[in-house]
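Asks: sequence plus predicted model, see below.
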Amino acid sequence: MPALYLIPTTLGDTPIDKVLPAYNKEVILSIKHFIVEEVRTARRFLKAVDRSINIDELQFYPMGKHADVALFSSYLAPLRAGESVGVISEAGCPAVADPGADIVAIAQREGMKVVPLVGPSSILLAVMGSGFNGQSFAFHGYLPIDSGERAKRLKQLELRSAQEGQTQLFIETPYRNAKLFADIMNACSPQTRLCVAAGITTEQEFIRSMSLKEWKQAGLPDLGKIPAIFAIYAQPHRAARH
């Protein structure tokens, strides 16, 4: 049955067979239409999956930052005609902290079959490696750039973590990783725990969880060019005893 396949990609220069099931390759080889965040990256990924793929025979439809949302519904025309369509984002799982959700929403509204394939999600892998609460967590994407607004937001997330026992995750552009780390150190309590999960599944992988007091002593390695996820987990607030 034709379907909209959500196709995960690697999170970096990681061998395909290390992070993606063989079944994904079977699916990819059966598809001629791909909705992608960036055409060049998608073409490179497909060639890495199987060098025999004839890229020139494939159709690519852009869904990235500058794409025309009004065209998204038309991208699913092949699926309406009985041909499967694949969705590929820049890294990891499409539609999770990456483009693709709008495409999936259209398919769901029209009752089309949607099939998410197994692959690496930096968010889930960060939670797994943090040692923080994996039963309740929230991903917030990018925090405000303004230092005052960022500090306010960090304190809100820390309070929410303390009140609900919920792990709070967020990201930053790699070259601003050190600045975000410094802002967390300044805004949050020394007892609050911080996990820095960078370069997940790559040779540069770094995953470490410590209290901010411990981080202050250890320092942050140079992550200026490595994508990272930051997670904070605050000491739960306990009701006062009477």
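Replies: Perfect, thanks for sending it. Here the structure is a predicted model, which is why all the values come from computation and not from measurement.
Asks: just give me the neighbour total for residue 51.
Replies: Counted with other CB atoms under 10 Å, residues neighbouring residue 51 total 7. C-beta: built from backbone N, CA, C; applies to glycine.
Asks: roughly how far apart are it and residue 21?
Replies: Using CB to CB, to the nearest Å, one gets 19 Å for the distance from residue 51 to residue 21.
Asks: quick check, residue 12 in contact with residue 204.
Replies: Yes. Between residue 12 and residue 204 there is a contact at 7.5 Å, judged by CB atoms under 8 Å.
Asks: so the two - more neighbours on which side?
Replies: residue 12 (19 against 15).
Asks: gap between the more buried one and residue 198?
Replies: Applying CB to CB to residue 12 and residue 198 gives a distance of 10 Å.
Asks: between those two, which contacts overlap?
Replies: Residues touching both residue 12 and residue 198 (CB atoms under 8 Å, 6 or more residues apart in numbering) are 204, 227.
Asks: work out for me the element residue 213 sits within.
Replies: According to DSSP states H and E, residue 213 maps onto helix 212-218.
Asks: so which elements touch that helix?
Replies: Counting contacts by 3 or more CB pairs under 8 Å, 6 or more residues apart in numbering; DSSP states H and E, helix 212-218 packs against helix 177-187, strand 193-198.
Asks: just those: most buried one?
Replies: Ranked by mean neighbour count under mean count of other CB atoms under 10 Å, the helices and strands packed on helix 212-218 are led by strand 193-198, which reaches a mean of 23.
Asks: partner strands of that strand and their direction?
Replies: Its sheet considered, strand 193-198 pairs with strand 206-211 (antiparallel), strand 228-233 (antiparallel) by DSSP bridges.
Asks: closest one to residue 162 among the ones you listed?
Replies: Proximity to residue 162 (CB to CB) singles out strand 228-233 among the strands paired with strand 193-198, at 9.1 Å.
Asks: give me the contact list for the closest one.
Replies: 122-123, 126-127, 130, 132-133, 137, 154, 157-158, 161, 167-172, 174, 177, 180-181, 184, 188, 192-200, 206, 209.
Asks: again with stretch 163-181
Replies: By CB under 8 Å, 6+ apart, stretch 163-181 touches 97, 123, 126-127, 130, 132-134, 136-143, 150, 157-158, 160-161, 196, 198, 215, 220, 222-233, 236-237.
Asks: in helices, which of those residues appear?
Replies: Assigned to helices by DSSP state H, the following of these qualify: 123, 126-127, 130, 150, 157-158, 160-161, 215.
Asks: hmm, residue 206 and residue 199 touching each other?
Replies: Yes. Counting by CB under 8 Å, residue 199 touches residue 206, with 6.0 Å between them.
Asks: okay, the two: which has more neighbours?
Replies: Taking other CB under 10 Å, residue 199 and residue 206 do not tie; residue 199 has more neighbours (21 against 15).
Asks: I'm done for today, thanks for sticking with me.
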